[in-house]
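Undergrad: From the sequence below, what's the structure:
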Amino acid sequence: MRRQLVVMSALLLGGGRGGEAQENGHLLAMSALSPNLAGIFYAPPRGGWYIQVAPPGTIDPTARRHLAWLPGNRHLVVAENDYAASPSFPLLFSLFERDTGAYAPLFSVPPPFLAPSITIDQEGVLVIMGGSALYRVGANGVLQRIAPPNGQNIEGKTVREDLETGDYIVSATQNVYRVRPWGMMSTIASYPLPGVVRSQDPETGEFLLWGGTSLFRMTGTGTVTSTTITSQVNVEAMVVDETPSPLGEYAFSTGGRFINYLARVSRWGGTVTTLLDFTPTGSFGVDLVLDRPRNVSTANAGFSNRWNLFVDFPLDAGLPYVCLVGTSGYRPGVWLPDGRKIRLNPDGATWAGLAGLLPGFWGLSGVLDARGTAQGVMDLAGAGPQARGIPFWVVGVVLDPAAPSGIRRVSPPIVVQIR
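TA: Purely as a prediction, here's the structure:
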């Protein structure tokens, strides 16, 4: 392991440009008039075919379903809502196990709830934007209001975790808000906005908004610029996929009355390539996520600022891994000689972690088990109140002497905020 850590250090100190790919597929939550065409579907990175991996769920096939990966990278939370059909429907949550295909109900939240946006935060807690407020969801579906204060309404549309800070970003009808985990809320940008925040690009840190059929970018301070990327109909969901090439791509699903498809395009524009056309089936993709993207994830370990660190590379059982920690951001990161990028800026915390000398951190390196998993702990429970809000970042890599640059796989970065 010492030799492997030396190699890792050498790679972080220098880089180059080239080309190497490590591809994910896509999971789409589909809505349709036919039960056979609704549910969760897997599509390979370059499309061409798709297969249902989870049933339509507990509501009728026209229900809207929203997806979020739990820590550990093996289970999806599915939120089902059919508010359009009847505001008396509850919001139902189910658990989908990716390995076995098992699909089981978790709990329900009473109506009325508009079709929600959901995310899983650094504590492993489900967070939902339910139309009027942002909530954490506790045991058995108990809601804890985060923002705004009681009596106010932000008419939220989507919620995302900001990779720059660890804050929540809420895209609403008239504003985009930054919400600190303890409830403090500020306005990033105000109406009129060209669209709703669908994703965030780790290359620039900008938020990506689809307005009508066009894509726009917005900085963390609210500056909006247009792009050349367009679709034929409104975009329902979008992910940034950096595995097909170092240049990165946007994958998106659409929801129109007559045209529905899954497509991809370079982050810099150009030709939009249709991966799947669902128009003949009458289906459309309500939500879209990469398949098993949370190679590194965290969940609260029983105390404030103490986390379990989960490492999951399902295709890399038995290989050594290293988790890199940094406090200096994830952009621009480090180019590997083969053209991939480690999205972390190395600093003193990185070197201490590589040497096994980072206080409170265990399991940052080791060997993946027979399932491709490992676990560590990050314990900053002693951090004082002056540290609240400070972020740090983690990236996981799988080492393999037979792979380009000696690295078989690089995870997306995650942000963890001291709270």
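Undergrad: what residues go with each domain of the protein?
TA: Domain segmentation of the chain under automatic domain parsing yields 2-19+295-417, 26-290.
Undergrad: Adding mean neighbour count and mean pLDDT, write the ones you listed out as TSV.
TA: Any C-beta I mention is one placed from the backbone N, CA and C, and that applies to glycine too. Formatted as TSV, the domains of the chain follow (neighbours: other CB atoms under 10 Å; pLDDT from 0 to 100):
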stretch	mean neighbour count	mean pLDDT
domain 2-19+295-417	18	90
domain 26-290	18	90
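Undergrad: From Thr350, how far off is Trp335?
TA: 16 Å (CB to CB, to the nearest Å).
Undergrad: can you check Asn24 too?
TA: Distance from Asn24 to Thr350, by CB to CB: 25 Å.
Undergrad: same check, this time on Gly156
TA: To Thr350, Gly156 is 36 Å away according to CB to CB.
Undergrad: try Ile188
TA: Counting by CB to CB - Ile188 and Thr350 are separated by 30 Å.
Undergrad: the helices in the stretch 301-419 of the chain, which residues?
TA: Assigned by DSSP state H, counting those that start in this stretch, the helices in the stretch 301-419 of the chain fall at 348-354.
Undergrad: Would you list the phi and psi of Pro194?
TA: phi -80, psi -10 (degrees, to the nearest 10).
Undergrad: what sits against it?
TA: Going by CB atoms under 8 Å, 6 or more residues apart in numbering, Pro194 touches Leu209, Gly211, Gly212, Ser214, Phe216, Val224, Ser226.
Undergrad: hang on, isn't Thr350 packed against Gly329?
TA: No - when contacts are counted by CB atoms under 8 Å, Thr350 is not listed as touching Gly329 (11.7 Å).
Undergrad: Are there residues contacting both of these two? Which ones?
TA: Contacts common to Thr350 and Gly329, judged by CB under 8 Å, 6+ apart, are absent.
Undergrad: Quick check: closest non-adjacent residue to Asn140.
TA: Phe107 (5.3 Å; CB to CB, 6 or more residues apart in numbering).
Undergrad: Quickly find the element holding the one you found.
TA: In the assignment (DSSP states H and E), Phe107 maps to strand 103-109.
Undergrad: same check, this time on Thr100
TA: Per DSSP H and E, Thr100 falls between elements, in no helix or strand.
Undergrad: any idea how far it is from Ala54?
TA: In terms of CB to CB, Thr100 sits 11 Å off from Ala54.
Undergrad: Likewise for Asp287?
TA: Distance from Asp287 to Ala54, counting by CB to CB: 12 Å.
Undergrad: neighbouring contacts of the host helix or strand of Ser171?
TA: In the assignment (DSSP H and E), Ser171 maps to strand 168-172. Contacts to strand 168-172, defined as CB under 8 Å, 6+ apart, come from residues 119, 121, 127, 129, 134, 146-147, 154-162, 176-181, 188, 196-197, 200, 207, 209.
Undergrad: would Asn140 count as being in a helix?
TA: Yes - according to DSSP: H, G, I helix; E, B strand; the rest coil, Asn140 belongs to a helix.
Undergrad: wouldn't it be in contact with Val109 here?
TA: No - in this structure, Asn140 is not within contact of Val109 by CB under 8 Å, at 10.1 Å.
Undergrad: just checking, which of the contacts of strand 168-172 belong to helices?
TA: If you go by DSSP state H, the contacts of strand 168-172 have nothing in helices.
Undergrad: now, which of the residues you listed lie within strands?
TA: If you go by DSSP state E, the contacts of strand 168-172 have 119, 127, 129, 134, 146-147, 156-161, 176-179, 188, 196-197, 200, 207, 209 in strands.
Undergrad: what kind of secondary structure is His66 in?
TA: Secondary structure state of His66, per three-state DSSP, is strand.
Undergrad: got the contact list for it?
TA: Contacts of His66 by CB under 8 Å, 6+ apart are Ala29, Val78, Ala79, Asn81, Ala115, Pro116, Ser117, Ile118, Val286, Asp287.
Undergrad: what does Cys323 give?
TA: Val296, Leu309, Val311, Gly353, Gly363, Leu364, Ser365, Gly376, Val394, Val395, Gly396, Val397.
Undergrad: Which residues does it form beta bridges with?
TA: According to DSSP bridges, the residues that bridge with Cys323 are Gly396.
Undergrad: again with Trp307
TA: For Trp307, the beta-bridge partners are Asn300, Met378 (DSSP bridges).
Undergrad: how close does it sit to Asp379?
TA: 8 Å.
Undergrad: Overlap of the contact sets of those two?
TA: With CB under 8 Å, 6+ apart as the test, Trp307 and Asp379 both reach Ala301.
Undergrad: List the residues that contact the nearest residue to Ile51 once chain neighbours are set aside.
TA: Nearest non-adjacent residue to Ile51, counting by CB to CB, 6+ apart: Tyr42, 5.5 Å away. The neighbours of Tyr42, taking CB under 8 Å, 6+ apart as the test, are Gly25, His26, Leu27, Tyr50, Ile51, Val53, Asp291.
Undergrad: Alright, I will stop here.
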